[in-house]
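In: When you get a sec, could you give me coordinates for this:
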Amino acid sequence: MNTTSSSSRLQYLDWVRGLGAVIMLHGHVWDSFLRDDLRSGGPYILSQFLGGMPPAIFLFLTGVTLAFLMDSSERKGMAPAARVWTAYRRSGYLFFLAFAFRLQLWIFGLPAPWQDLFRVDILNCMGFAIAVLSVMALFRTEERVRLCAVLGLAIAFGSPLVSQLNWSGVPWMVRGYIVPDQKLFGFFPWGAYLAFGMAAGSAIRVIPEEAMERAMQWGAILGGATIMACQYFASLPYSIYAKSEFWLNSPAQVLTKQGVTMVLVSLAFLWTRYGARDGWSWVRQFGTTSLLVYWVHVEMVYGRGLFFLKDRLTEWQTAVAAVVVILLMLAISVIKTRWSEVRAMLQDLGWWSRAKSDSAAGD
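Out: Reported below is the predicted structural model:
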């Protein structure tokens, strides 16, 4: 079993996560600030097309890290029940973050409907999907590679069937966690990405280090082949399903995004190993603080603070606004990870001690 340090492994994963964060910031700015009469243009359509990738990337990488956790628990000799409980604790942590996030948005948006507190966002989806798939901790890492891949395919191909069921008698709060919805992150089909991530993370743990580069090359080939095959089948005039919508529950859409993610992971691995210079990377910086960036930018972009920009900017103005938001989020990310250095600099300038003295005087 591969015992390469996690720090070397996580560099390319952080890079992919950071790229997802940048795409997310760009897409959300265009969605919030662009004028309504310009939303049929190419720049907006492209921004929203690319904007569908970050949730898939984040869920996939969450699955990768969950697989790492399960493998670590297994190597520590933990009992099967304890391994499952460890995974459930990760689920509980994400649920806590999800409801804290919704509560903060609800308070800042008052008056707001109470139903907003229970909106199924991506953090809720992560928590629920981990809870459902925690049972995979009962199996060995080698077994999880194929089992989780099969589960991902089952979730993807089962999504149109789930949509066809009659869910009218199920409470809306429960339905939002399960049924495909254009505005929510239900387990179908979004849970497929977490399952695929668990398969990939388990494979990374069992592949020898000397074979990792070749494995990434095959991953890129498989991802590219998946994209082309899905586009071919999606263009056919007939379907095996009585009803399926490409952007809602189509397996072709899910697997296309998964193929793109696989290509990105492979390219990031090769880039961080051979192309990137040693030292700081602004893309990877976003990846190390993606949760903070997600939390802060949603309030900034969709909250009331920038109400005067909502639906009012031209395409060029929106592009500039996207750059500004990305730079602001990068600054917040750097401050978060290098706070001790920032505090030392403020102390050298005399600002930190002065601020503490002013605070004490006020008390």
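In: Show the low-confidence segments of this structure, by residue range.
Out: Scanning the chain with the threshold set as pLDDT under 70 gives 1-9, 340-363.
In: so the residue nearest to the spatial centre of it is in which element?
Out: Averaging the C-alpha coordinates of the chain gives a centre point, and the residue nearest to it by C-alpha atoms, centre = their mean is F58 (1.7 Å). Under the assignment given by DSSP states H and E, the secondary-structure element containing F58 is helix 53-75.
In: How about L328?
Out: Assessed by DSSP H and E, L328 sits inside helix 315-337.
In: Need the CA coordinates for that helix. CSV is fine.
Out: Coordinates of each C-alpha in helix 315-337 appear next as CSV, following Å, rounded to 0.1, in the frame of the first residue of the first chain:
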residue,chain,number,x,y,z
GLU,A,315,-20.6,42.5,-19.9
TRP,A,316,-17.3,44.4,-19.6
GLN,A,317,-18.3,45.8,-16.1
THR,A,318,-19.2,42.3,-15.0
ALA,A,319,-15.9,40.9,-16.2
VAL,A,320,-14.1,43.6,-14.2
ALA,A,321,-16.3,42.9,-11.1
ALA,A,322,-15.4,39.2,-11.4
VAL,A,323,-11.7,40.0,-11.4
VAL,A,324,-12.1,42.3,-8.4
VAL,A,325,-14.1,39.7,-6.4
ILE,A,326,-11.5,37.0,-7.2
LEU,A,327,-8.7,39.3,-6.0
LEU,A,328,-10.6,40.2,-2.8
MET,A,329,-11.2,36.5,-2.1
LEU,A,330,-7.6,35.7,-2.7
ALA,A,331,-6.6,38.4,-0.2
ILE,A,332,-8.9,37.0,2.4
SER,A,333,-7.6,33.5,1.7
VAL,A,334,-3.9,34.6,2.1
ILE,A,335,-4.7,36.5,5.3
LYS,A,336,-6.5,33.4,6.7
THR,A,337,-3.5,31.1,6.0
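In: Show me what counts as buried in it.
Out: E315, T318, A319, A321, A322, V325, I326, M329, L330, I332, S333, V334 (16 or more other C-beta atoms under 10 Å). All C-beta atoms are positioned from the backbone trio N, CA, C, and that covers glycine.
In: Nice, that's everything, thank you.
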